[in-house]
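S.K.: next come a sequence and a model predicted from it.
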Number of protein chains: 2
Amino acid sequence: MIAATPAPPYYAVIFTSLRTEGDHGYGAMSDQMEALAQQQPGYLGMESAREAVGITVSYWASLEAIRAWKINADHLMAQAQGRSDWYSHYKTRIAKVERDYGFEAELY
Amino acid sequence: MIAATPAPPYYAVIFTSLRTEGDHGYGAMSDQMEALAQQQPGYLGMESAREAVGITVSYWASLEAIRAWKINADHLMAQAQGRSDWYSHYKTRIAKVERDYGFEAELY
């Protein structure tokens, strides 16, 4: 789903990755990390899709909220396993959302 | 592929969308718009994936570069067709990338 974020400014973490072959527990851990992120203070939403490349964008109220999520103990373990097992490459970008606008088709 | 962007700061346009049923010329236009974006001044790269939701993140050197791309004549036509034919919902977020870091597995 498209995340229902509040009015800007807020922050986005754009995580782009290439996976290794095979699951190696990735699917289960990915679901767990999404559930855990939702419980973090300052979490605003998440969007995710994977084809040749995987893109997960999570939205946060502040840089402090992002920092707290980055050093969450369970998340740190998942990050370490990501580097050893799941990802051949990734890039994380921390960005401040300054403006947004949307469109919804009139469905009648 | 993961976009090879320069050191921050730079800008990201996060475009998240839900498609209507059927192609309606979407695939061809999507390829055309990607090729056209690559020719725009200030274009830095693009990442894209679609599952339940589609996410396209394009990277730009400045807000001026984003604005020029937004009002490109061919792109304006594609945006209009997007609203009439291809998307049931979308959200566009303009964000300033303040920090990034990456990982590349040692493949030996």
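M.R.: That came in fine, so what should we check first? Numbering: from 1, shown residues only, chains lettered A, B, ... in the order given.

S.K.: for the rest of this, base every contact and every neighbour count on C-alpha atoms.
M.R.: Fine.

S.K.: all helices of chain A, in order?
M.R.: A:26-38, A:63-70, A:73-81 (DSSP state H).

S.K.: you'd agree residue A:83 is up against residue B:103?
M.R.: Yes. Residue A:83 lies in contact with residue B:103 (C-alpha atoms under 8 Å); the separation is 7.5 Å.

S.K.: could you tell me the end-to-end distance of stretch A:33-42?
M.R.: Stretch A:33-42 has an end-to-end distance of 15 Å (criterion: C-alpha to C-alpha, to the nearest Å).

S.K.: chain center to it, what's the gap?
M.R.: Computed by C-alpha atoms, centre = their mean, to the nearest Å, the chain-centroid distance of stretch A:33-42 equals 10 Å.

S.K.: what about it, near chain B?
M.R.: No. On the criterion C-alpha under 8 Å from any C-alpha of the partner chain, stretch A:33-42 is out of touch with chain B, staying 15.9 Å away.

S.K.: please identify the buried residues of that stretch?
M.R.: In terms of neighbour count (16 or more other C-alpha atoms under 10 Å in any protein chain shown), stretch A:33-42 has its buried residues at A:37, A:42.

S.K.: repeat that for stretch A:46-62.
M.R.: A:46-50, A:53-62.

S.K.: equivalent analysis for stretch A:14-22, please.
M.R.: Residues A:14-19 are the ones in stretch A:14-22 that count as buried (16+ other C-alpha under 10 Å).

S.K.: again with stretch A:91-101
M.R.: Of all the residues in stretch A:91-101, those buried under the rule 16+ other C-alpha under 10 Å are A:91-97, A:100.

S.K.: how about the residues of chain A near chain B?
M.R.: Within chain A, the residues that sit near chain B (C-alpha under 8 Å from any C-alpha) are A:1-2, A:12, A:16-18, A:47-55, A:83-84, A:87-105.

S.K.: now, those that are in strands?
M.R.: The strands, defined by DSSP state E, take in A:12, A:16-18, A:47-50, A:54-55, A:87-104 from the residues of chain A next to chain B.

S.K.: could the buried residues of stretch A:91-101 be laid out in JSON lines, adding pLDDT?
M.R.: Output for the buried residues of stretch A:91-101, formatted as JSON lines (pLDDT from 0 to 100):
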{"residue": "A:91", "pLDDT": "97"}
{"residue": "A:92", "pLDDT": "97"}
{"residue": "A:93", "pLDDT": "98"}
{"residue": "A:94", "pLDDT": "98"}
{"residue": "A:95", "pLDDT": "98"}
{"residue": "A:96", "pLDDT": "98"}
{"residue": "A:97", "pLDDT": "98"}
{"residue": "A:100", "pLDDT": "96"}
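
S.K.: quick one: which of those is nearest to residue B:73?
M.R.: residue A:100 (21.4 Å; C-alpha to C-alpha).

S.K.: quick one: contacts for the residue nearest the centre of chain A?
M.R.: Geometric centre of chain A, nearest residue: residue A:58, 3.7 Å, by C-alpha atoms, centre = their mean. By C-alpha atoms under 8 Å, 6 or more residues apart in numbering or on different chains, the contact set of residue A:58 is A:12-14, A:43-47.

S.K.: alright, that wraps it up for me.
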